[in-house]
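> What follows is a predicted structure for the sequence shown.
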Amino acid sequence: MALTNANEIVARYFALIPAAGVGSRMGADCPKQYLFLQGKPVLQHTIEAFLACDGIESVFVVVSPEDEWLDDFVASSPKWDASRVRFLRCGGNTRRDSVLNGLHALFLECAPKDWILVHDAARPGLTPELVRKLIETIGPEDIGGLLALPVVDTVKKQSEEGVQTVSREGLWLAQTPQMFPYAYLMDALEQQSDVTDEASAIEAMGQVPKLVEGHLCNSKITKPDDLPLVELFMSIDTGIQKKLF
Ligand SMILES: Nc1ccn([C@@H]2O[C@H](COP(=O)(O)OP(=O)(O)OP(=O)(O)O)[C@@H](O)[C@H]2O)c(=O)n1
Ligand SMILES: C[C@](O)(CO)[C@H](O)COP(=O)(O)O
C-alpha cells in the first residue's frame, strides 16, 4: 500500500494479463500468446507495453497450470525484475475464471482501491500512450473504464429471420485494458460468472464504465489473418501513432 507524506492512501496501478487461453480459433501449434511478431513472442510485446509505463507498479501474467511454453518463454525473455513481472499459474477454464483466480492470488499485494488494468495477452499492439490515455481519462470519481472503438461501419444482424440493419448509434467494440478497483472488480466477477469481459460484470452491478477511445493497433489476435494486421501496426513509427490520438 502506498502512502503520501500525509499518510493518505494512494491508489496504485497494476496490470493483470490473462494469458491462459489455448487459441483454438488461431489453430497454431502453440497458444497464440507464444507466436512471434516482429521477432518477439506476442506475450513479450504485451508485457513490455506496460513496463514502458512508469505508473504501472507490477505486471501479473496469469497462465494455465498446464502451460508447457512458459519456461522457454521466460528463459528467452529479458531478465525482468521479479518485483515488476510475475507469472501466476492459476489460469481457469474461461477468461473470467483466469482473471478472478489472478485477483485472488493478489489478495495480499493489492489494496481494495488499487487500480487493476486487465489486458488480453492477445492484444500485443497496446502502446504506452494508450495505457496513459486510459489512466488519465478515468478519474477518482469513476468506477473505472476501458478502451473501446466506436463502430463506424454499417451494422448488420443475421438471424433465422434473415439479415437486418441495426443502428450503430452508441455502439462500441470493447478492447482492453479494462481498468477497475481491485476489490470492486473481484466482487463483481465473483457474482457474475458468465461474462466475456470485466466491464460486463461491472455493468451487471449497476455501474457505468467509462468508454475511452482506443485504436486499431490494439486489436486482438484471434484468427490467423489478424497476425499481419497487428504486425503492420507494430511497424508504424510510434510518433505517428501518437499523432493519431
Ligand atoms: N481460459 C482462458 C481463456 C482466455 N484467456 C485469455 O483471454 C484473452 C482473450 O481471450 P481469447 O482471444 O478468446 O483467447 P483464447 O481463449 O486463447 O482463444 P480461443 O477462444 O480462440 O480459444 C487471451 O489473452 C487469452 O489467453 C485466459 O487467460 N484464460
Ligand atoms: C475482453 C475482450 O477482448 C473485449 O473485446 C473480448 O471480450 C475477449 O473475447 P474472447 O472471446 O475471450 O477473445
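It's in. Ligands and ions are numbered 1, 2, ... in the order given.

> Averaged pLDDT, stretch 115-131. What do you get?
The average pLDDT within stretch 115-131 is 97.

> Could you tell me how far it lies from the centre of the chain?
The chain centre lies 5 Å from the centre of stretch 115-131; the measure is CA atoms, centre = their mean, to the nearest Å.

> And His104, which helix or strand is it part of?
For His104, the host element (DSSP states H and E) is helix 95-105.

> who's in contact with that helix?
With CB atoms under 8 Å, 6 or more residues apart in numbering as the test, helix 95-105 has contacts from 16, 18, 20-21, 60, 62, 88, 90-92, 110, 116, 118, 182, 185-186, 189-190, 192-198, 201. (C-beta placed from N, C-alpha, C; glycine too.)

> Filter those to keep only those in contact with ligand 2.
When contact is defined as CB under 6 Å from any ligand atom, the contacts of helix 95-105 meet ligand 2 at 196-197.

> Could you identify the helix or strand that succeeds the helix holding His104?
strand 115-118.

> Tell me which other helices or strands that next one touches.
strand 13-18, helix 128-137, strand 172-181, helix 182-191 (3 or more CB pairs under 8 Å, 6 or more residues apart in numbering; DSSP states H and E).

> ok, that strand: who's next to it in the sheet?
The strands beside strand 115-118 in its sheet (DSSP bridges) come out as strand 13-18 (parallel), strand 172-181 (antiparallel).

> Is that strand in proximity to ligand 1?
No - Strand 115-118 lies apart from ligand 1 when judged by CB under 6 Å from any ligand atom; the minimum separation is 9.2 Å.

> Give the PyMOL command for selecting the buried subset of the contacts of helix 95-105.
To isolate the buried members of the contacts of helix 95-105 in PyMOL, using 16 or more other CB atoms under 10 Å:
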select buried, resi 16+18+20+21+60+62+88+90+91+92+110+116+118+182+185+186+189+192+195+197+198+201
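
> if I look at Gly54, how far off is ligand 1?
No Gly there; residue 54 is Asp. 24 Å (CB to the nearest ligand atom, to the nearest Å).

> How many residues are close by that residue?
9 (other CB atoms under 10 Å).

> secondary structure element for the residue of the chain found nearest ligand 1?
Per CB to the nearest ligand atom, Gly21 is where the chain lies closest to ligand 1, at 2.1 Å. Under DSSP H and E, no helix or strand contains Gly21.

> what's it in contact with, if anything?
By CB under 8 Å, 6+ apart, the contact list for Gly21 reads 31-33, 91, 95, 98, 121-122.

> Let me know which of the helices and strands packed on strand 115-118 is the nearest to Val166.
Between Val166 and the helices and strands packed on strand 115-118, the shortest gap by CB to CB is with strand 172-181, which sits at 13.9 Å.

> who does the nearest residue to Leu106 once chain neighbours are set aside bridge with?
Nearest non-adjacent residue to Leu106, counting by CB to CB, 6 or more residues apart in numbering: Phe60, 6.4 Å away. On the basis of DSSP bridges, Phe60 takes part in beta bridges with Leu16, Arg86.

> Does Phe60 touch Ala15 like I think?
Yes - here Phe60 reaches Ala15: they are 6.9 Å apart, a contact under CB atoms under 8 Å.

> ok, Gln38 - how many residues close by?
Neighbours of Gln38 using other CB under 10 Å come to 12.

> Kindly report the residues of this structure close to ligand 1.
So the chain meets ligand 1 at 18-26, 31, 33, 62, 91-95, 98, 120-122, 220, 222 (CB under 6 Å from any ligand atom).

> what about burial for these, which qualify?
Among the residues of the chain next to ligand 1, the ones that count as buried by 16+ other CB under 10 Å are 18-21, 23, 26, 31, 33, 62, 91-92, 94-95, 98, 120-122, 220.
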